[in-house]
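Q: Structural data only, the sequence is not supplied:
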DNA sequence: GGAAACCCTGAAGTGGGTATAGAGTCAAGC
DNA sequence: GCTTGACTCTATACCCACTTCAGGGTTTCC
């Protein structure tokens, strides 16, 4: 199948498919005489795997690791397990940080129940006088969990 | 004060301060004969406000809006309130999405309690056969909440 | 045979910085 | 006066995972 069809069946933008090829996540497809890429069902499977990983918010580097294990069926999958454990840890951490953030934001919001002149706005004043700087939530992994 | 001192008192990297100036968040500082930036306490206040907003995971565009209100003390702050409400909404949404993700990841992890050969790894198989594509959690605002 | 739909490459842009290279400035010590 | 080192300057490239764009070529349908 050509790239447009693969894009449709996989729900992936065409540019993203080409991007994955450039990044070495998808093997280069064969070409027609007119230089169009031709994909096999194996390509579709692999793309599905990649997209599933991305929907689980893994980085492309993590996906690369998982693909390596899929390509070596005899290797021990212990590293897969620990990769997932770490990933879960990142997500859990991010949830915790965001919950703290939400609490802080709600407290700030409560400082200005009804609109005033900006000069008297409890929110603007609250931001000004919050001396504490826990420094923006640590961003590691999972765009937002990362 | 010079940029190094401002960096220290504000806990902001020097490059970030220059970046904020380029982005128009901080007004350009006066210069010495040797072309060094000289900052006033007003600059420090404004930088503190910006950093506080960033620690609340607001985008620079949101910070720009808030600064505009700080600069117009007579304007009605209703827009500030709704900006914050929206931001809280984004954060809450992202928390929800991450919780669902965590659940999914933990279920996947449970599929491979002890290491096997990759070919039999319940995790790799689980990713393969998960047909559902809810499409990566919607990313809007709050690098991860956004 | 001509228009529309599809496909190609390569480069640049996104956000919010961070990191580098290569140069200039300034105060203190000898 | 001269060197050392700390500080600062500009300009540019890099990070991630794409997305968008410019400027073409190919295929298909009527």
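A: Perfect, thanks for sending it. Source: prediction; values computed, not measured.
Q: Tell me which stretches of chain A form strands.
A: A:30-31, A:37-38 (DSSP state E).
Q: which of these is buried the deepest?
A: strand A:37-38 (a mean of 16; mean count of other C-beta atoms under 10 Å in any protein chain shown). To be clear about C-beta, it is placed using only N, CA and C from the backbone, and glycine gets the same treatment.
Q: Please list the residues outside that one that contact it.
A: A:1, A:2, A:3, A:21, A:29, A:30, A:31, A:32 (C-beta atoms under 8 Å, 6 or more residues apart in numbering or on different chains).
Q: related to what we said a few turns ago, now the strands of chain A in a markdown table, with mean pLDDT and distance to DNA strand D?
A: Listed next are the strands of chain A as a markdown table, based on pLDDT from 0 to 100; distance: least, C-beta to the nearest atom of the strand, whole Å:
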| stretch | mean pLDDT | distance to DNA strand D |
| --- | --- | --- |
| strand A:30-31 | 97 | 9 |
| strand A:37-38 | 98 | 11 |
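Q: List the contacts of the residue in chain A positioned nearest to DNA strand C.
A: Per C-beta to the nearest atom of the strand, residue A:4 is where chain A lies closest to DNA strand C, at 2.4 Å. Counting by C-beta under 8 Å, 6+ apart, residue A:4 makes contact with residue A:14.
Q: So it versus residue A:35, what's the distance?
A: Distance, residue A:4 to residue A:35, by C-beta to C-beta, to the nearest Å: 15 Å.
Q: Over to residue A:71?
A: Residue A:71 is 28 Å from residue A:35, by C-beta to C-beta.
Q: So if I had to pick from these two, which one is more boxed in?
A: The neighbour count for residue A:71 versus residue A:35, taken as other C-beta atoms under 10 Å in any protein chain shown, is higher for residue A:71 (10 against 6).
Q: Give me the neighbour count for the one residue in chain A that gets nearest to DNA strand D.
A: With C-beta to the nearest atom of the strand as the measure, residue A:34 is the residue of chain A nearest to DNA strand D, at 2.2 Å. For residue A:34, the neighbour count with other C-beta under 10 Å is 5.
Q: Give me the neighbour count for the closest residue in space to residue A:9 that isn't next to it in sequence.
A: Take residue A:9 and drop its neighbours on the chain: the residue closest to it by C-beta to C-beta, 6 or more residues apart in numbering or on different chains is residue A:44, 6.5 Å away. When neighbours are counted by other C-beta under 10 Å, residue A:44 registers 15.
Q: list the contacts for residue A:44?
A: A:1, A:6, A:9, A:10.
Q: Let's see if you can find the most crowded of those residues.
A: Going by other C-beta under 10 Å, residue A:6 tops the contacts of residue A:44 with 21 neighbours.
Q: The residue most central in space within chain A and residue A:51: what is the separation?
A: Central residue of chain A (C-alpha atoms, centre = their mean): residue A:57, 3.6 Å from the mean position. Using C-beta to C-beta, one gets 12 Å for the distance from residue A:57 to residue A:51.
Q: got it, and residue A:119?
A: 50 Å.
Q: who has more neighbours, the two?
A: Shown here are residue A:119 and residue A:51; by other C-beta under 10 Å, residue A:51 has more neighbours (20 against 14).
Q: quick one: that one from chain B, how far?
A: Noted for residue A:51: a distance of 7 Å to chain B, by C-beta to the nearest C-beta, to the nearest Å.
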